[in-house]
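A.B. asks: got a predicted model here, sequence first, then my questions.
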Amino acid sequence: MTATTTTVETERPRRSGLIVLVLSLCGTAVSLMQTLVVPLLPDFPRLLDTSSDNASWLVTVTLLTSAVATPILSRLADMHGKRRMILVSLVALLAGSLLGAVGDSLEVLIAARVLQGFAPALIPIGISTMRDELPPERIGGAVALMSATLGIGGAVGLPLSGVIYEAFGWQAVFWGSVVMSVVMLALVLTVVPESGVRTPGRFDWLGAILMSIALTALLLGISKGGVWGWTSQWTLLSFTVAVLFFALWAPWELRTGEPLVDLRTSTRRPVLLTNVASLLAGFAMFANLLVATQQLQIPVESGVGFGLGVTEAGLAMLPGGVLMVLMAPVSASVTRRFGARTTLIAGLCITGFGYVVRVLFDGSLVELMVGVSIISVGVAVGFAAMPVLIMQSVPISETAAANGLNTVVRSIGTSTCSATVAAVLTAGVAVGSAYPSEAALHAMSWIAAVAAFLGAAVGFLIPARPAPVLAARPTVPGERPAVARGDAVRRADVGAEVVVRGRVQRTDGRPARLAVVSVLDRGGRQADWARADNDGRWSVVLPGPGEYLVVFSAEGWAPRSELRQLSSGTDSVLELDERLTVAGVVSRGGWPIDDALVVLTDASGESVGATRTDEGGHYELGLPPLGRYVLTALDPHTGFAESEDVVISAQRRRFNLVLPELADPQRPDVAAPVP
C-alpha cells in the first residue's frame with residue numbers, strides 16, 4: 001500500500017467525523033431555535049404590551065414557516081446543491097436572530113420568527129448530505145445522531161433559554177442565536193462539501209404555492225382551533241381552504257413532469273407507511289415534552305404537580321435529551337443488524353411502554369423522570385429509522401425532498417398533538433382548580449401510548465426488506481461481493497458516485513411520459529431508479545462508471561432491458577418499441593369483417609378507445625388501465641352490433657368478436673337464431 005493511499009484512508013474517517021459533527025451541531029442549533037421563546041411566552045404579554053393570544057404567534061408562525069419552507073428548500077437542495085440550501089437556512093436563521101435581538105415590538109419579533117422558521121429545513125437536507133458524503137458504515141450512526149438532535153435541542157433549549165433570560169434579559173436569547181448562527185455558517189463553509197448529486201430541472205412553482213397555502217391553512221386550523229373554537233368560522237374556514245388547495249395540488253403534482261413532491265413515489269407502500277408511522281411518532285414524541293413539562297410546573301398544592309420553575313423543569317427533562325444522544329449508536333447498530341423497519345417498530349413500542357409506565361408510576365419526581373427517559377429512548381430509536389426507510393425507498397436524487405416531506409408529516413403530528421393536549425387538559429381541569437386533574441394527565445398519556453402502538457402496527461405493514469435503492473459499491477474481479485444485512489443503507493465509497501442522465505422515447509421519437517428506469521449491477525443489485533418526467537428525461541446516481549443492466553418501462557408499452565456502459569458524460573437514450581394493445585379479429589361465420597367499428601367502454605360507460613378493422617378484420621386499441629370493460633363491434637354493412645364483457649389483464653389482451661350469422665342474406669337486418 002502506497003503512502004498516498006494510506007493518507008487518503010486516514011483522512012476519510014477524519015473528514016467524515018467532522019461532517020457528522022458539524023451537521024449534528026447545526027441540527028441542535030435548529031432544535032434550540034424552535035424552543036427559543038417558549039420560556040419567555042408567559043412574560044411576553046407584559047414585555048411587548050400585548051395579549052397572550054397575540055404572543056403565542058411567536059411560536060405559531062415558526063411552525064407555519066417551517067412547514068412551508070422545508071419541502072421547498074429540500075427540493076431546491078436536490079436540484080441546486082445541498083450545502084447551498086443549508087447555507088440559505090442558516091443565513092435566514094441569522095437574519096431572524098439579528099432582527100429579534102434588535103426588535104422591540106410584537107410585529108418585528110413575528111417577522112424575526114418567520115425568518116427563523118426557514119432553519120428546520122436544514123435537518124432533512126443534512127441527512128441527505130450525510131448519505132452523499134459518508135462511507136456506508138457511518139451513515140446509520142450519523143443519521144441516528146442527526147435525528148436525535150430534535151430531542152437534544154428541546155431538552156437543552158428550555159433550561160438554557162430560561163437561564164439566559166433571567167440573567168441577561170430576553171434580547172440576549174436572540175443574541176445567543178446570532179452567535180450560534182455565525183459559528184454554524186463558518187463551520188459549514190469550512191467542513192461540509194457540496195454534494196455532486198443533483199437533478200437540475202424546472203422548479204414546480206405552482207405546486208409550491210398550492211402546497212404552501214394548503215399546509216398553512218391546515219396547520220393554522222390545528223394550532224389555533226383550541227383558541228378560536230373548533231366550530232368557529234375561522235377554524236372551519238382554515239380547514240376548508242386546506243382541503244380545497246390540497247384537492248387542487250394533488251392532481252397538478254400527478255400531471256406535471258417535474259413535481260415538487262413526487263406523489264407516485266410518495267404513495268409507494270414503504271414511503272406511504274413510513275410517513276404514516278412518522279405522523280403518529282411525531283404525536284407521541286411531542287406529548288412527552290408537553291405533558292411532562294406541565295406536570296413538573298403545576299403547583300404541589302394541586303395534588304398532581306411538582307411545583308418546579310421553568311428552568312428547573314427544563315433541567316429535569318435534560319436526562320432524556322442526553323439519553324437520546326447515547327442511543328444514537330445503539331439505534332444505528334440495531335438498523336445494521338435487523339433493518340430499519342425493526343428499529344422503527346422497536347422504538348415506537350418502547351415509546352408506548354414508556355407512557356404506560358408514566359401512567360402507573362408518577363407519584364414522585366424520580367418515577368416521572370424514569371417514564372420520561374424510557375419515552376426518550378424510544379423516540380431516539382424510532383426517529384433514527386425513519387430517514388433510513390425513506391432513503392431506501394426513493395431515488396437517490398430525491399432523498400432531500402423525500403426527507404423534507406417526512407419532516408413536514410412529523411410536524412403535522414406534533415401540531416395535532418399540541419392541539420390534543422390543550423383540548424384534553426383544558427377539558428380535564430379539576431373542579432375548583434385552575435389545573436388539570438390527574439385523570440386528564442393520564443388520559444393524555446394513554447392517547448400518546450395508543451398513537452405509539454398504532455405507529456408500531458403500521459411499521460409491521462412496511463415491507464420487511466425493501467429493495468435498496470441507494471447505490472451499492474460494485475464488485476471488482478476477484479473480490480467477494482458485499483452482503484447487505486437487513487435494511488441497512490448501502491452506497492458507494494466517498495467520491496465514487498456519478499450522476500447519469502438520459503431520455504426515454506417511443507419509436508416515433510416522442511418522449512415516453514413518466515417512464516420508470518431501474519439500473520442494476522451485474523450481480524442483480526439495484527444501484528438506483530428514477531421516474532422520467534413529461535419530456536422523458538431521467539437521472540440516476542451510480543457507484544461509478546461501468547456496465548449496468550438498465551430496465552425501463554412505461555404505461556402502455558412493453559418493458560425492455562439493455563446492458564449498457566454508463567458514465568456521467570453519456571446521454572443514454574432508451575427506446576420503447578413495442579406498444580401494448582388490446583387486439584383481436586371481428587368476424588361472422590368464419591369470415592373477417594372489414595371496416596367494422598370497435599369501441600371499448602369502461603364500467604361507467606365512457607369510451608376509452610375506438611378504431612376500425614382492416615381488410616382482415618383485425619383491430620388494435622391502445623392498452624387502457626387493466627380492469628373490466630365492454631368491447632363492442634359494429635358491422636357497417638349490416639348495422640348489427642355485438643358487445644362482450646371483457647377483463648383486460650397483463651396475461652389477456654386479445655379478444656375476438658364473432659357477430660351472429662344472418663338468417664336471410666337478403667335481409668341483413670335479421671340475424672339467425674342462436675342455437
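C.D. replies: Structure received.
A.B. asks: nearest spatial neighbour of A214, skipping sequence neighbours?
C.D. replies: Excluding the flanking residues, the one nearest A214 by CB to CB, 6 or more residues apart in numbering is F245, at 3.8 Å. Placement of C-beta: from N, CA and C, glycine included.
A.B. asks: separation between that neighbour and I213?
C.D. replies: In this view, F245 and I213 are 5 Å apart by CB to CB, to the nearest Å.
A.B. asks: give me the low-pLDDT residue ranges for this protein?
C.D. replies: For the chain, the stretches with pLDDT under 70 are 1-14, 151-155, 158, 430-432, 465-496, 662-675.
A.B. asks: pick out the residue closest to the middle of it.
C.D. replies: Nearest residue to the geometric centre of the chain (CA atoms, centre = their mean): N406, 2.9 Å.
A.B. asks: let me see the contact set for that residue.
C.D. replies: Contact analysis of N406 by CB atoms under 8 Å, 6 or more residues apart in numbering lists P124, T274, N275, S278, M386, P387, I390.
A.B. asks: ok but it is inside a helix, no?
C.D. replies: Yes: using DSSP: H, G, I helix; E, B strand; the rest coil, the assignment for N406 is a helix.
A.B. asks: distance of it relative to M391?
C.D. replies: From N406 to M391 the distance is 10 Å (CB to CB).
A.B. asks: care to break the chain down by domain?
C.D. replies: 16-203+260-461, 498-576, 581-671 (automatic domain parsing).
A.B. asks: out of these, nearest to S223?
C.D. replies: S223 sits nearest to domain 16-203+260-461 of all these, at 5.1 Å, using CB to CB.
A.B. asks: where does the closest residue to T581 other than its chain neighbours land in three-state SS?
C.D. replies: Leaving out its chain neighbours, the residue that sits closest to T581 by CB to CB, 6+ apart is E620, at 4.5 Å. Judged by three-state DSSP, the three-state class of E620 is strand.
A.B. asks: with E258 instead?
C.D. replies: coil.
A.B. asks: I figured it hits W205, correct?
C.D. replies: No: using CB atoms under 8 Å, E258 is not in contact with W205, being 10.8 Å away.
A.B. asks: those two - which one has more neighbours?
C.D. replies: Of the pair E258 and W205, E258 is the one with more neighbours under other CB atoms under 10 Å, namely 18 against 10.
A.B. asks: which residues touch that one?
C.D. replies: Residues in contact with E258 (CB under 8 Å, 6+ apart) are G201, R202, F203, D204, D533, N534.
A.B. asks: distance to T235 added to the domains of the chain, as a markdown table?
C.D. replies: Formatted as a markdown table, those follow (distance: least, CB to CB, whole Å):
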| stretch | distance to T235 |
| --- | --- |
| domain 16-203+260-461 | 10 |
| domain 498-576 | 38 |
| domain 581-671 | 37 |
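A.B. asks: single out the most deeply packed of these.
C.D. replies: domain 16-203+260-461 (a mean of 21; mean count of other CB atoms under 10 Å).
A.B. asks: if we can go back for a sec, what's the closest of the domains of the chain to W252?
C.D. replies: Of all the domains of the chain, it is domain 16-203+260-461 that lies closest to W252, at 9.3 Å by CB to CB.
A.B. asks: distance from that closest one to the middle of the chain?
C.D. replies: Here domain 16-203+260-461 shows a centroid-to-chain-centroid distance of 15 Å under the convention CA atoms, centre = their mean, to the nearest Å.
A.B. asks: quick check: end-to-end length of it?
C.D. replies: Domain 16-203+260-461 has an end-to-end distance of 34 Å (CA to CA, to the nearest Å).
A.B. asks: can you check stretch 191-206 too?
C.D. replies: Terminal residues of stretch 191-206 are spaced 35 Å apart (CA to CA).
A.B. asks: got the contact list for it?
C.D. replies: 18-19, 22-23, 75-76, 78-84, 86, 128-129, 132-133, 252-253, 256, 258-260, 396-398, 497, 499, 533, 537, 539, 541.
A.B. asks: from those residues, which ones fall inside strands?
C.D. replies: In strands, defined here by DSSP state E, the members of the contacts of stretch 191-206 are V499, R537, S539, V541.
A.B. asks: now do the last one against S56, distance only.
C.D. replies: With distances taken as CB to CB, V541 is found 44 Å from S56.
A.B. asks: then the third one?
C.D. replies: Remark: distance between S539 and S56 (CB to CB) = 44 Å.
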